[in-house]
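Trainee: My questions concern the predicted model and sequence given below.
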Amino acid sequence: MRYSALSLFANALSGHKKWPEQWPDAAPKPSYDVVIVGAGGHGLGAAYYLAKKYGVTNVAVIEKAWLGGGNTGRNTTIIRSNYLYDESARLYDHAVDLWDGLSQELNYNVMFSKRGVLMLAHNVHDVQSFQRHIHANRLNGVDNQWLTAQQAKAYCPPLDISPTARFPVLGGALQKRAGVARHDSVAWGYARAAAALGVDIIQNCAVTGIRRGADGSVEGVDTERGFIAAKKIGVSAAGNSSVIMEMAGLKFPLESYPLQALVSEPIKPVFPCVVMSNSVHAYISQSDKGELVIGAGTDQYVSYSQRGALHIIEHTLAAICEIFPIFKRMRMLRSWGGVVDVTPDRSCILGKTPVPGLYVNCGWGTGGFKATPGAADLLAYTIAKDEPHAINAPFTLERFTRGRLIDEAAAAAVAH
Amino acid sequence: MILIRCPYCDEQRPEVEFVYAGEAHISRPQNPNLLSDDEWAEYLFIRKNARGVHYERWVHAHGCARYFNAARNTVTDKILMTYKTGEPKPSVEEIAEAAK
Ligand SMILES: Cc1cc2nc3c(=O)[nH]c(=O)nc-3n(C[C@H](O)[C@H](O)[C@H](O)COP(=O)(O)OP(=O)(O)OC[C@H]3O[C@@H](n4cnc5c(N)ncnc54)[C@H](O)[C@@H]3O)c2cc1C
Ligand SMILES: [Zn+2]
């Protein structure tokens, strides 16, 4: 069924009791052309683009829990593309281009809202590094502009720019084209659109092994519900990528860390944009429900617990209260954690692997939600053509041997 | 917040006194000029990232300031055992014994 004002009206007449299910919960078939491991936005999107753009419809997405329950459903939904290096600019801008028409394409409101992302500069080093980013971005045709402290205050009135502030605001970098989207809708929209094209979405079915033939190439996956044969396997398992790659005998340059977020009680609209403060590890926006959505930094140690420590979010909230004193008396509703897979250079790994028929999309770490449509499209392309697209060619695993890193870590220290 | 026993101070202290220092038992290559690109990649970038028992380094930054090693379960985050720098990597059995 196509969603429209008319279908909404018609279903209102029957008390919204007759909406059909959005996608069927499929049982695994014995074999597929392509199996995608992990039903996050990236994996579901890859299945959708495989079917839609590249004509591969005999596809299954296999998920150990429920779809969208990983980092896709746990993130603070910041979407931006003002990264430093040329390769990153192309990669993230490709994603933002796809975000633009996504709701229409999927016939599903992903609530992409270009409300602007403002990154605060608190010291001279921040100012210099942001100005460098702005100039590099402009050369790449990526929108990004410098705001003085007064301009930043005009753009985001709750900001405290007084010179005596604990974290003085010296200005900020604003990307107007950036913003937020509704995370769950992204997973659900891709799932519904992919299922409509014949993709099987198999939930509650952990992949426990990757089988390889005598020539080393993949034969399929062992799962909690038995063996499923596959000619090609795409792994998009975020924090658990190392675990899955090990099933194929591969060691990866990844470390998984807990990353936390939290939301406040809902209030009336008060916060017009997204504000990030990298040097104090705080990120904030207001959802359409009215909750303040706040992101923290990672814990320091490797962990798969999907849970972070209290002192990390305490540190973030202390900073939020200093930068936005009007929020001092707000109460927090919920907090949670995800497991993020971090590479040494903080750029993703997207491409083929040394195992024939095995493809990987991982290492998005703390900042891969923004890339969802782009990563999904590029993973689908790489699987369908058995070679990376020009946009993700610089992001393959070989860069760690060749030494040609894309060091967004050094460029930004931390980023969502 | 996890609790960590510093093997030098011989005291269990809260995590905020410590700084994590990455995977343990990665030794610097003896003959760097003989290493291939693959071996360099392995040494510099490849990490076990174990789901389960993980061997790692910590420094007691707000205490004795010394580095030591720990074995920790990365699913529960519980520190199973800590031991001094230079001591051999304990086996899974030794860790289970120490964690009792
Ligand atoms: C608190 C937090 C805040 C964040 N904020 C932002 C932000 O503001 N902006 C931004 O761009 N990014 C942000 N990120 C990062 C972003 O969420 C991720 O990079 C992105 O969502 C990854 O998408 P994915 O589809 O690859 O992963 P996921 O949604 O995690 O999907 C991977 C799936 O694989 C499944 N899986 C794992 N192991 C197996 C197995 N053995 N068998 C079957 N399935 C398996 C998991 O259950 C999971 O559903 C944040 C992350 C967190 C945790
Ligand atoms: Zn000590």
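Mentor: Done, it's in. Ligands and ions are numbered 1, 2, ... in the order given.

Trainee: Only C-alpha atoms from now on, for both contacts and neighbour counts.
Mentor: Fine.

Trainee: Could you see whether ligand 2 lies near stretch B:9-24?
Mentor: Yes: for stretch B:9-24, a contact with ligand 2 is found by Cα under 5 Å from the ion, at B:Cys9.

Trainee: And that stretch, how far out from the chain middle?
Mentor: Relative to its chain's centre, stretch B:9-24 lies at 10 Å (Cα atoms, centre = their mean, to the nearest Å).

Trainee: do stretch B:92-100 as well
Mentor: 15 Å.

Trainee: Check the model's average confidence along it for me.
Mentor: Stretch B:92-100 comes out with an average pLDDT of 87.

Trainee: same check, this time on stretch A:260-278
Mentor: 96.

Trainee: Give the buried residues for that stretch.
Mentor: A:260-264, A:266, A:271, A:273-278 (16 or more other Cα atoms under 10 Å in any protein chain shown).

Trainee: and the end-to-end length of it?
Mentor: 15 Å (Cα to Cα, to the nearest Å).

Trainee: Is there proximity between that stretch and ligand 1?
Mentor: Yes: Stretch A:260-278 is in contact with ligand 1 by Cα under 6 Å from any ligand atom, via A:Gln260, A:Ala261.

Trainee: Is any residue of that stretch near chain B?
Mentor: No: applying Cα under 8 Å from any Cα of the partner chain, one finds stretch A:260-278 separated from chain B by no less than 13.4 Å.

Trainee: returning to that earlier point: present the buried residues of stretch A:260-278 as a markdown table; the columns should include secondary structure and distance to ligand 2.
Mentor: Putting these into a markdown table (DSSP: H, G, I helix; E, B strand; the rest coil; distance: Cα to the ion, whole Å) gives the following:
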| residue | secondary structure | distance to ligand 2 |
| --- | --- | --- |
| A:Gln260 | strand | 28 |
| A:Ala261 | strand | 31 |
| A:Leu262 | strand | 33 |
| A:Val263 | strand | 37 |
| A:Ser264 | strand | 38 |
| A:Pro266 | coil | 44 |
| A:Phe271 | coil | 45 |
| A:Cys273 | coil | 45 |
| A:Val274 | strand | 41 |
| A:Val275 | strand | 39 |
| A:Met276 | strand | 35 |
| A:Ser277 | strand | 33 |
| A:Asn278 | helix | 31 |
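
Trainee: Put together TSV for these, with distance to A:Val124 on each row.
Mentor: Conversion of those to TSV gives the following (distance: Cα to Cα, whole Å):
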residue	distance to A:Val124
A:Gln260	28
A:Ala261	28
A:Leu262	30
A:Val263	31
A:Ser264	32
A:Pro266	35
A:Phe271	26
A:Cys273	24
A:Val274	22
A:Val275	19
A:Met276	17
A:Ser277	14
A:Asn278	14
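
Trainee: Pull the most distant pair out of those residues.
Mentor: Greatest spatial distance among the buried residues of stretch A:260-278 (Cα to Cα): A:Pro266 and A:Asn278, at 24.9 Å.

Trainee: residues near whichever residue of the stretch 151-300 of chain A sits closest to chain B, how many?
Mentor: Residue nearest to chain B within the stretch 151-300 of chain A: A:Pro253 (4.1 Å; Cα to the nearest Cα). Neighbour count of A:Pro253, defined by other Cα atoms under 10 Å in any protein chain shown: 22.

Trainee: likewise A:Arg2?
Mentor: So A:Arg2, with other Cα under 10 Å, has 9 neighbours.

Trainee: Please report the distance of it from A:Trp19.
Mentor: A:Arg2 is 11 Å from A:Trp19, by Cα to Cα.

Trainee: all helices in chain B, in order from the N-terminus.
Mentor: B:37-44, B:92-99 (DSSP state H).
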